[in-house]
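Q: just to be clear, the model below is a prediction. Sequence and coordinates:
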Amino acid sequence: MNLVLFGPPGAGKGTQAKILQTERGLPQLSTGDMLRAAIAAGTPLGRQVEDILAKGDLVSDEIVINIIAERYDQPDCKNGAVFDGFPRTIAQAQALDTMLGARARKIDHVIELKVDDKILLDRVEQRIKQGIARPDDNPETLKNRLEVYYKNTAPLLDFYNKQGKVVTLDGMAPIADVTDAIAKVLGA
Ligand code: ADP
C-alpha cells in the first residue's frame, strides 16, 4: 500500500506517518527529514538546500524526485510506503505516479489532514516553547511555508480528487482519533 499524507506544515503528517510505520511497517518517506539529514551531515546536497529550508521555500522538484526514487527502491519499501511532505507540486505528483507506474504500483489513498491556520501557528509556538522547534519553526518562516503550501501544494488536491483518491480528515482531533480515522480509511 502506498499512501500520501497531505496537509499544511504542522498538520500532523509526521506524527501519523510514524504511527503507520510502527503499526503497519510502511516506511515514512519524509523529504523534509531527508533534506534535514543531508544538511546535518554537511553533504553537498545539504549545503545546496540549507538556505532554502531556512526560508521555507521549496527545493527544486528534481532534487526531491531523485531522493524519493532512490529511497523508494530500498528493500524496506517492498510493501509500499507513506509519503510525508511529498509531493508538494503538480510536477512532483506526476513524477511520483510515473515512478510508481514503472514499478506496477500506485497511490492507494491521499489522506488530507485539515487544520486551521491559527491552530498551526499555535502548534509551532508550542514547539518553540518546548524547545523542540526546527530552525524553520518561527512565526515568520511558518507564514512563508503556509503561503507556499496554498500556492504550490494545495492545488494538488484537485489533481488527486480527479483520481478519486482524496479522503479528508479532521487534523484538529486528538492524535489517537486521527490514527483511528486513518485506520478506517485503510480498512482495518
Ligand atoms: P513542514 O512541516 O513545513 O511540512 P517538511 O519537514 O515537510 O516541513 O519540509 C521542510 C522544508 O523542506 C520545506 O519547507 C521545503 O523547504 C523542503 N521540502 C521538503 N519536502 C519538499 C518537497 N517535496 N519539495 C520541495 N521542497 C521540500
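A: Structure's in. What do you need?
Q: and the gap between the nearest residue to residue 115 once chain neighbours are set aside and residue 77?
A: Sequence neighbours aside, residue 171 is the residue nearest to residue 115 in space, at 4.1 Å (criterion: CB to CB, 6 or more residues apart in numbering). Every C-beta, even on glycine, is put in place using the N, C-alpha and C of the backbone. Separation of residue 171 from residue 77 (CB to CB, to the nearest Å): 25 Å.
Q: which of these two has more residues huddled nearby?
A: For the pair residue 171 and residue 77, the greater number of neighbours falls to residue 171 (25 against 17), based on other CB atoms under 10 Å.
Q: mind listing what the more buried one touches?
A: By CB atoms under 8 Å, 6 or more residues apart in numbering, residue 171 lies in contact with 7, 11, 12, 113, 114, 115, 178.
Q: mind listing the residues bridging to the fifth one?
A: According to DSSP bridges, the residues that bridge with residue 114 are residue 170.
Q: could you do residue 29 as well?
A: Listed beta-bridge partners, residue 29: residue 83 (assigned using DSSP bridges).
Q: can you give me the strands for this protein?
A: 2-6, 28-30, 81-84, 109-114, 166-170 (DSSP state E).
Q: and those strands as CSV, adding mean neighbour count, distance to the ligand and mean pLDDT?
A: Shown next, in CSV, are those (neighbours: other CB atoms under 10 Å; distance: least, CB to the nearest ligand atom, whole Å; pLDDT from 0 to 100):
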stretch, mean neighbour count, distance to the ligand, mean pLDDT
strand 2-6, 24, 10, 98
strand 28-30, 22, 6, 98
strand 81-84, 26, 7, 98
strand 109-114, 21, 11, 98
strand 166-170, 16, 17, 98
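Q: dump those strands into TSV; add distance to residue 132 as well.
A: Formatted as TSV, these follow (distance: least, CB to CB, whole Å):
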stretch	distance to residue 132
strand 2-6	20
strand 28-30	16
strand 81-84	18
strand 109-114	20
strand 166-170	24
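Q: ok, now which ones touch the closest residue to residue 163 other than its chain neighbours?
A: Spatial nearest neighbour of residue 163, excluding adjacent residues (CB to CB, 6+ apart): residue 107 at 7.7 Å. By CB under 8 Å, 6+ apart, the residues touching residue 107 are 2, 3, 4, 83, 96, 97, 100, 160, 163, 165.
Q: from the protein, which residue is nearest to the ligand?
A: Nearest to the ligand, among the residues of the chain, is residue 32, at 2.0 Å (CB to the nearest ligand atom).
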